[in-house]
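Q: predicted model, plus sequence, below.
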Amino acid sequence: MPETSYAPCGDLSLAYQVFGDGPVELVWAGSFASHVELYWSLPEFCAFMEKLGTFCRIILFDKAGVGLSDPVPKVRTLDDRAAEIEAVMDAAGFDRAALFGVSEGGPASILFAATRPERTRALILTGATAYSGSGSWEDFDGDPAELRERSLSEFDEKYVPSVEQIAHIQAFGRAVRTKWGSGEAIKFLVSSVQSTRLLGMLERMSASPGMARATLEASFRIDVRSILPTITVPTLVLHAHDDPGVPVQLGHYLADHIPGARMVELDGTDHAPWFTDPDRCVSEIEEFLTGSHAAPTQSHRALRTVLFTDIVASTERAAAAGDERWRATLVRLGESTAEAAVRFDGTVVKSTGDGHLITFEGPTRAIRCAEALRDDAENLGIEIRIGIHTGECELMGADIGGIAVHIAARILGHAGARDIIVSRTVRDLVVGSGTGFEERGTVELRGVPGNWELLAVNKPGAQSDSAEVRLASAPTPGPRSTMRRSDRAVAVVAKRTPWILRGMSRMTPTTTRRASNDA
């Protein structure tokens, strides 16, 4: 088993391993059911990774809050998860890597590829989705036929799962909510493993019940559909034909909406790629990464969050203050804007006269910066309004352009004094941040096609009992809080002599493919 190291990520430490002898750098961005050392007790996982390692140098890591990584005080946002990918790349010395987004790790990989194309060689997605279509825990107890009808209002029918597929996903969700740690949840995803006891141990050692529930809730509320067209790196979508956790229709949606993406359906009934036609899976990845499909592209476009500020009633205030005092106020506002941008990892692109244009790699920090800017302006005796949008931008040296910039500017026009107005795209990407929103209706933006749903960030002191606020306050203890004494003993064996556990796993009976059973 490779040595486990720790990568700094803010105040957290992420457990990661590096292995493989190939020339292609690859980051495995997996799901919350993860334990980098216990993985190696699974013979199928070992065989899969050994084949992958013949042409790749691989980073395997536990996300914050799961496995051997540090626990977290609250659910992580997509921005946080993308930052974790960058943190392990930096620690391992990876400059430009292929991303392998597995299951719930798919959206973070999509966001990373869109915001950091210069660090992304290629994108591989398996068992992933851009949006699940679920809105709340109540959906897991609802009528699957009614849920399917609701999905038809958001997706073309060819991308909508069947009633039977939805019912299976509902059963998985209920198992995560009430039975995490028993093995019942993962058993819905990995039918090839009959040992519920083994799966229960993996659940307990990967994540606590609270972390599992919070992460699943965040995953079924995250929506990255709007950023799929902004991905410029070569993309391969692998999906099991009978994936029980994420129906294959959702894989086709990814492939059809990411420019130039290639779709490969695998013959299998499991969610984990090392059980699903693994030889073909590795072969497709090797051809993709070492052949012409993975020819690197040089793009001057990337996903950015664009923030515009504007002083309210600036002409009247300038007249009342006088030229000298008003000029001093603008200087102080510019200084506080620059300081806030640095504090929240943003870039001040330019002054717009009565405001500023600032960009960020992710929307969560943009909202936090906007809140700080609003407070700073109030301390100067002025009021500002702010508009924010996330979309594809053209990077032009120190400047920036593209339709996303125009959309953010038009959104600003719908903001009043002390308002922070955002597009729905921004709201969908900050799930887990604890930010409350107030709907401001659907509008037409001058010069921009279509109708746009706008929302206002809740002002300080606003009471909110929204699902987002409840999610952000949900407890997310580390896995050790619910691990059994036997789990801790297995963890020691997995670290020191994983071959013993692999031998035990080989003696565990496995099911045959459903297709064979149905014959």
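A: Good, I have the coordinates.

Q: and Leu395, that's in a strand?
A: Yes: under DSSP: H, G, I helix; E, B strand; the rest coil, Leu395 falls within a strand.

Q: on the three-state scheme, Pro273 is what?
A: Classified using three-state DSSP, Pro273 is coil.

Q: the nearest residue to Leu289 once chain neighbours are set aside - how many residues pack around it?
A: Nearest non-adjacent residue to Leu289, counting by C-beta to C-beta, 6 or more residues apart in numbering: Val24, 4.9 Å away. Quick note: C-beta positions are derived from backbone N, CA and C, even for glycine. Val24 has 19 neighbours, counted by other C-beta atoms under 10 Å.

Q: tell me the secondary structure at the most centrally placed residue in the chain.
A: What sits nearest the mean C-alpha location of the chain, by C-alpha atoms, centre = their mean, is Ala108, with 2.7 Å. Under three-state DSSP, Ala108 falls in the helix class.

Q: list the contacts of the closest residue to it other than its chain neighbours.
A: Leaving aside its sequence neighbours, Ala108 sits nearest to Arg81 (C-beta to C-beta, 6+ apart; 3.6 Å). Neighbouring residues of Arg81 by C-beta atoms under 8 Å, 6 or more residues apart in numbering: 29, 63, 105, 107-108, 111.

Q: biggest helix in this protein by residues?
A: If you go by DSSP state H, the chain has its longest helix at helix 323-343.

Q: following element in sequence after it, please.
A: strand 347-351 (DSSP states H and E).

Q: contacts for that following strand, please.
A: 334, 337-338, 341, 356-360, 398-400.

Q: my read is that Val422 contacts Ile388, right?
A: Yes: the pair formed by Val422 and Ile388 meets the contact definition of C-beta atoms under 8 Å, at 4.5 Å.

Q: of the two, which one has the most company?
A: Between Val422 and Ile388, Val422 has the larger neighbour count (other C-beta under 10 Å), namely 31 against 28.

Q: what's the distance between that one and Val306?
A: Counting by C-beta to C-beta, to the nearest Å, the separation of Val422 from Val306 is 11 Å.

Q: then Glu287?
A: Distance from Glu287 to Val306, by C-beta to C-beta: 38 Å.

Q: follow-up on the earlier one: surely the residue nearest to Leu289 touches Cys56?
A: Yes: using C-beta under 8 Å, Val24 makes contact with Cys56 at a distance of 4.8 Å.

Q: quick check: neighbours shared by those two?
A: 98, 289.

Q: now the terminal residues of stretch 355-368, how far apart.
A: End-to-end distance for stretch 355-368, by C-alpha to C-alpha, to the nearest Å: 17 Å.

Q: pLDDT on it, on average?
A: The average pLDDT within stretch 355-368 is 96.

Q: for this protein, name the helix or strand with the lowest mean pLDDT.
A: helix 514-518 (a mean of 41; mean pLDDT, DSSP states H and E).

Q: looks like Val282 contacts Glu50 (just checking).
A: No: assessed by C-beta under 8 Å, Val282 is found out of contact with Glu50, at 9.6 Å.

Q: which of the two has more neighbours?
A: Neighbour count, other C-beta under 10 Å: between Val282 and Glu50, Val282 has more, with 21 against 12.

Q: so the residue nearest to that one when sequence neighbours are not counted is in which element?
A: Take Val282 and drop its neighbours on the chain: the residue closest to it by C-beta to C-beta, 6+ apart is Lys51, 4.5 Å away. Per DSSP H and E: Lys51 is located in helix 43-52.

Q: what's downstream of that helix, the next helix or strand?
A: Downstream of helix 43-52, the next assigned helix or strand under DSSP H and E is strand 56-61.

Q: buried sites along that following strand?
A: Neighbour-count burial for strand 56-61, counted by 16 or more other C-beta atoms under 10 Å, picks out 56-61.

Q: elements contacting it?
A: If contacts are counted by 3 or more C-beta pairs under 8 Å, 6 or more residues apart in numbering; DSSP states H and E, strand 56-61 sits against strand 12-19, strand 24-29, helix 43-52, helix 78-92.

Q: mean pLDDT lowest for which of those?
A: Among the helices and strands packed on strand 56-61, helix 43-52 scores lowest, at a mean of 94.

Q: spit out the residues that contact Val422 and Ile388 alike.
A: Shared contacts of Val422 and Ile388, defined by C-beta under 8 Å, 6+ apart, comprise 363, 367, 411.

Q: most neighbours among those, which one?
A: That'd be Pro363 among the shared contacts of Val422 and Ile388, by other C-beta under 10 Å, with 30 neighbours.

Q: please look at it and Val426 and confirm they touch.
A: Yes: here Pro363 lies in contact with Val426, judged by C-beta under 8 Å, at a distance of 4.6 Å.

Q: can you list residues touching both of the two?
A: Joint contacts of Pro363 and Val426 (C-beta under 8 Å, 6+ apart) are 305, 388, 390.

Q: point out where this structure drops to low pLDDT.
A: Applying pLDDT under 70 to the chain flags residues 292-299, 461-465, 492-519.

Q: domain ranges for it?
A: Split into domains by automatic domain parsing, the chain comes to 5-299+484-518, 301-472.

Q: tell me the most buried of those domains?
A: Mean neighbours per residue, mean count of other C-beta atoms under 10 Å, is largest over the domains of the chain for domain 5-299+484-518, with a mean of 20.

Q: how far does that domain sit from the chain's center?
A: A distance of 11 Å separates the centroid of the chain from that of domain 5-299+484-518, by C-alpha atoms, centre = their mean, to the nearest Å.

Q: where's the residue lying closest to Thr126 once chain neighbours are set aside relative to Thr215, distance?
A: In space, and not counting its chain neighbours, Thr126 is closest to Leu238: 4.3 Å by C-beta to C-beta, 6+ apart. As judged by C-beta to C-beta, Leu238 and Thr215 stand 22 Å apart.
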